[in-house]
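Student: heads up, no residue letters with this:
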């Protein structure tokens with residue numbers, strides 16, 4: 001009886017560990033799409049390309065959702081990024097973790113903007129801060145990460161799943 005109880009405890013502990021780790025995972029795009037995104041091809045003059053990247057292992061068990069202008073567009077885990085193509089203008093990006101972090105940026109057409117999603121300690125689990133970074137820093141950060149797929153979070157059938165607001169080539 002004692003041995004069975006210990007085995008059950010170990011199995012439960014492992015299952016719990018795997019479940020928590022899976023929470024931080026974001027769905028990754030294919031290797032080909034990731035490689036293409038890392039070519040950093042400039043968008044047409046009437047569009048802006050945004051890379052939002054998270055190049056840290058800290059908070060790896062926490063999946064952080066990304067909203068653009070109030071609509072869900074993707075999520076990041078450790079060493080991953082989201083790439084979006086949007087209209088130029090004023091945009092508000094929100095990173096959801098323990099609390100919401102917001103960044104409002106004016107983006108010009110024909111350019112690539114890079115935003116670093118920095119993982120910072122929260123009260124109970126990881127939180128984040130958003131920073132606009134220069135092109136070189138952004139490219140270096142993105143190159144160390146993997147592209148995620150824009151998939152809405154799972155919702156109950158009673159609630160409509162949000163649609164990505166930004167055009168994603170993936």
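Tutor: That came in fine, so what should we check first? This is a predicted model, so every value here is computed, not measured.
Student: contacts, neighbours, all on C-alpha from now
Tutor: OK.
Student: which intervals of the chain have sub-threshold pLDDT?
Tutor: 1-26, 59-61, 151-170 (pLDDT under 70).
Student: again, 80 this time
Tutor: 1-26, 29, 57, 59-62, 121-123, 125, 127, 150-170 (pLDDT under 80).
Student: just the strands in it please.
Tutor: 48-54, 64-68, 71-76, 80-86, 89-96, 100-107, 112-120, 127-133, 146-147 (DSSP state E).
Student: Please identify the deepest-packed of those strands.
Tutor: strand 146-147 (a mean of 28; mean count of other Cα atoms under 10 Å).
Student: hmm, back to that, adding distance to residue 41, write the strands of the chain out as CSV.
Tutor: Formatted as CSV, these follow (distance: least, Cα to Cα, whole Å):
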stretch, distance to residue 41
strand 48-54, 9
strand 64-68, 21
strand 71-76, 20
strand 80-86, 11
strand 89-96, 20
strand 100-107, 16
strand 112-120, 8
strand 127-133, 18
strand 146-147, 15
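Student: of those, which approaches residue 40 most closely?
Tutor: With Cα to Cα, the closest approach to residue 40 among these belongs to strand 112-120: 7.8 Å.
Student: how big is the angle separating the closest one from strand 80-86?
Tutor: 140 degrees (axes from the mean of the first three to the mean of the last three Cα atoms, to 10 degrees).
Student: list the contacts for residue 119?
Tutor: 54, 56, 58, 59, 126, 127, 128, 129 (Cα atoms under 8 Å, 6 or more residues apart in numbering).
Student: The third one and residue 142: what is the separation?
Tutor: It stands for residue 58. 16 Å (Cα to Cα, to the nearest Å).
Student: again with the first one
Tutor: In this structure, residue 54 lies at 8 Å from residue 142, with Cα to Cα as the measure.
Student: what do these two both touch?
Tutor: 80, 81.
Student: what distance separates stretch 33-43 from the middle of the whole chain?
Tutor: 17 Å (Cα atoms, centre = their mean, to the nearest Å).
Student: which residues are in contact with that stretch?
Tutor: So stretch 33-43 is contacted by 49, 83, 85, 109-112, 139, 142-143, 146-147, 170 (Cα under 8 Å, 6+ apart).
Student: May I see the buried residues of it?
Tutor: Burial within stretch 33-43, assessed by neighbour count using 16 or more other Cα atoms under 10 Å, is assigned to 33, 34, 37, 38, 43.
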